[in-house]
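J.: dropping a prediction and its sequence here:
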Amino acid sequence: MRNDLAQLAEQQDGVVSRRNMFDLGLTKDMISGLVRRGVLRRVAPQVFVICGAPTTRRQQLRIGLLALGDESWISFEAAAVLHGFDRSPDHAVEFSVLRSNRSRHIHDSVHTTKWMPMGDRVRVDGLRVTSATRTILDLALARSPRSRLEAAIDSAVRLQLSAPTVIARRLETLRGSGRWGVRTIDALLPDSGGHSMLERRFLELVREAGLPRPRTQVVHRKGNRHIARVDFLFEDHGIVIEVNGRRGHASDAERERDGQRRGELTDLGLLVYEYTWNEITKDPYGVARTLRERLAAHDRLRTQGVSPAPHTGYANG
């Protein structure tokens, strides 16, 4: 029985509940004896840790879930960390419970909600967590800064944990509800899908200039061989746009790789252009002007029956 307890605690980050121990056949007296002998330490109502187990953030999350019961989920910034969202504070410990369960709070970082649909409930590495889409909505509800919401949305899309269409459908169910943050997320969705803040700025620039939205993060292949994942593809024009966040000089090796990559994309019939951090952030109108000119030049070639960019060798990223 002692071995079973140790094995369970190892699986649960050194944490066990009273119910866990009852399921293993331990009695109240046996549990009290383990506490007296310094084997167990009570850390929350009905929750204990094995003395000597390392104290970690993950252990704190496990304690919260066991103390709050089965109808509880890691949420808000704590969920963002587990989902791998950019700019998430790695010390966050937050939970959500149904309002009918509010009496089981263990600290101030427990939020209440009227409902938690099944689609909002997921497991990440064995822990109950709100889904990526629900986490974005919760961060907006918490009045997180716009830049924080941008990072959360882009991370969820990049990691394929959600999609702009999924988030948009969820927003439709919340319109008119008075829920804080709906309008902010709505405004951020059109420019989502990039892998970085610079890519978001480029998409915003394209939208404000009235230019067609490019496909994002497109993988190009030659046969079965991977060639490159490009930032943006204007598919109807055969034009690839790369945005470069490097503010200093690239190394010789980086320049060599970039040159080889550009050459192979050109071999596929694609026109490759690059815009830098400074160009996008300090001269967006100049970027929009040159991009418009390049797209228009391709259109002129197309009307003349010339196709400089055959559309082969790429797939969705």
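T.: On my side now, so go ahead. Numbers count the residues shown, from 1 in each chain.

J.: in the beta-sheet assignment, what are the partners of residue 242?
T.: Note on residue 242: beta-bridge partners by DSSP bridges are residue 274.

J.: from residue 232, how far out is it?
T.: In this view, residue 242 and residue 232 are 8 Å apart by C-beta to C-beta, to the nearest Å. C-beta here means a position set from N, CA and C on the backbone, and glycine is covered the same way.

J.: look at these two and report which has more neighbours.
T.: residue 232 (25 against 19; other C-beta atoms under 10 Å).

J.: before we move on, what SS does the residue lying closest to residue 216 once chain neighbours are set aside have?
T.: With C-beta to C-beta, 6 or more residues apart in numbering as the criterion, residue 216 has its nearest non-adjacent residue at 4.3 Å, and that residue is residue 193. The local conformation at residue 193, judged by DSSP: H, G, I helix; E, B strand; the rest coil, is coil.

J.: ramachandran coordinates for residue 193?
T.: phi 120, psi -10 (degrees, to the nearest 10).

J.: contacting residues around it?
T.: Contact analysis of residue 193 by C-beta atoms under 8 Å, 6 or more residues apart in numbering lists 154, 157, 158, 164, 199, 203, 216, 217.

J.: do that again at 10 Å, thanks
T.: 153-154, 157-158, 163-164, 199-200, 203, 213-217, 232 (C-beta atoms under 10 Å, 6 or more residues apart in numbering).

J.: shared neighbours, residue 242 and residue 232?
T.: In contact with both residue 242 and residue 232: 199, 202, 273, 275, using C-beta under 10 Å, 6+ apart.

J.: least confident of those residues?
T.: Within the shared contacts of residue 242 and residue 232, pLDDT reaches its minimum at residue 199, with 88.

J.: so which of the contacts of residue 193 are in strands?
T.: Using DSSP state E, 215, 216, 217, 232 are the members of the contacts of residue 193 that sit in strands.

J.: what's the pLDDT at residue 55?
T.: On the pLDDT scale, residue 55 gets 91.

J.: again, but for residue 37
T.: 92.

J.: check residue 205 too.
T.: For residue 205, the predicted pLDDT is 93.

J.: which element is it on?
T.: Per DSSP states H and E: residue 205 is located in helix 197-208.

J.: likewise residue 93?
T.: Counting by DSSP H and E, residue 93 is part of no helix or strand.

J.: list the buried residues for whatever helix or strand residue 8 lives in?
T.: Taking DSSP H and E as the criterion, residue 8 maps to helix 2-11. Residues of helix 2-11 classed as buried: 5, 8, 9 (neighbour count, 16 or more other C-beta atoms under 10 Å).

J.: toward the C-terminus, what is the element adjacent to it?
T.: strand 15-17.

J.: neighbouring strands - and their directions - for that following strand?
T.: strand 47-50 (antiparallel).

J.: what does the strand it pairs with contact?
T.: 5-6, 8-10, 12-21, 31, 34-35, 39-43, 55, 59, 62-68, 106.
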